[in-house]
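>>> Here's my sequence, what's the structure:
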Amino acid sequence: MISLTMIPVSRIATLADIPYLNQLIALSVKELSKDYYTPQQVESSIKYIFGVDTQLIADGTYYVLTADDTIAACGGWSKRNTLYGGDQFKEEADPLLDPATDAARIRAFFVHPAYARRGLGRTMINICEEAARREGFTSFELGSTLPGEPLYRAMGYEAIEQHNVPMPDGEFLQVIKMRKAPQPLEGGV
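Okay, here's the model as predicted:
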């Protein structure tokens, strides 16, 4: 097991990170989902659902955490309608949300298995929620995989519905839509 020899450092992801991020995402899904989904569901989800959403990178709302000179985790938030999925999962335009009425989307969290259960997911959620608050959002929604649900619940998210997302090969993936109640803006009433 790798030990963190330094405090993780966050930065905004760049297009140059995409090849490594796609490898990290596949490794994270394969290793951290194997106790929750069948091997076929895992492989299909990597092919059809999970991957980099380049819109998040273009919007400057996707982050990486580096530790030990490597990208140990990634995740982001979105001011757009998509709840989950990489470029290969999106079929239509991704309209902007209204912070006055809509919840920001917490998106695409993946941790390298060697760094799992060390607080990187919690750190990333805090970074993303704070950035979304600066843009005027006060509530948050996400689509959680089964292995991610305990972390999100511990961070104040509540399950509002469960979906079996169909994939083109006949497999499906259980995803839990979760929401965090409106949080007051700093300095707000």
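
>>> How about the contacts made by Asp35?
Pro147 (CB atoms under 8 Å, 6 or more residues apart in numbering). No exception for glycine: its C-beta is placed from N, CA and C like everyone else's.

>>> and the residue nearest to Ala181 when sequence neighbours are not counted, backbone torsions?
Using CB to CB, 6 or more residues apart in numbering and skipping residues adjacent in sequence, the residue nearest Ala181 is Ser139, 6.3 Å away. When read as degrees, to the nearest 10, the backbone of Ser139 gives phi -130, psi 160.

>>> gap between Ser139 and Glu92?
Distance of Ser139 to Glu92, given as CB to CB, to the nearest Å: 24 Å.

>>> neighbour count winner among those two?
Ser139 (15 against 7; other CB atoms under 10 Å).

>>> Who are the contact partners of that one?
Here Ser139 is in contact with Ala103, Ala104, Arg179, Lys180, Ala181, Pro182, Gln183 (CB under 8 Å, 6+ apart).

>>> Mark which of those residues are buried, thanks.
For those, a burial check counting by 16 or more other CB atoms under 10 Å picks out Ala103, Ala104, Arg179, Lys180.

>>> Run through the helices of the protein in chain order.
Secondary structure of the chain (DSSP state H): helices at 18-32, 39-48, 54-59, 120-134, 149-154.

>>> And these: which comes nearest Asp169?
Shortest distance between Asp169 and the helices of the chain, using CB to CB, is found for helix 39-48: 5.4 Å.

>>> orientation of that closest one relative to helix 18-32 in degrees?
Computed by axes from the mean of the first three to the mean of the last three CA atoms, to 10 degrees, the angle separating helix 39-48 from helix 18-32 equals 160 degrees.

>>> Tell me which residues of helix 39-48 come out buried.
Buried residues in helix 39-48, counted by 16+ other CB under 10 Å: Gln41, Val42, Glu43, Ser44, Ser45, Ile46, Tyr48.

>>> before we move on, what about stretch 132-146?
Ala132, Arg133, Phe137, Thr138, Phe140, Glu141, Leu142, Gly143, Ser144, Thr145.

>>> Much appreciated, bye for now.
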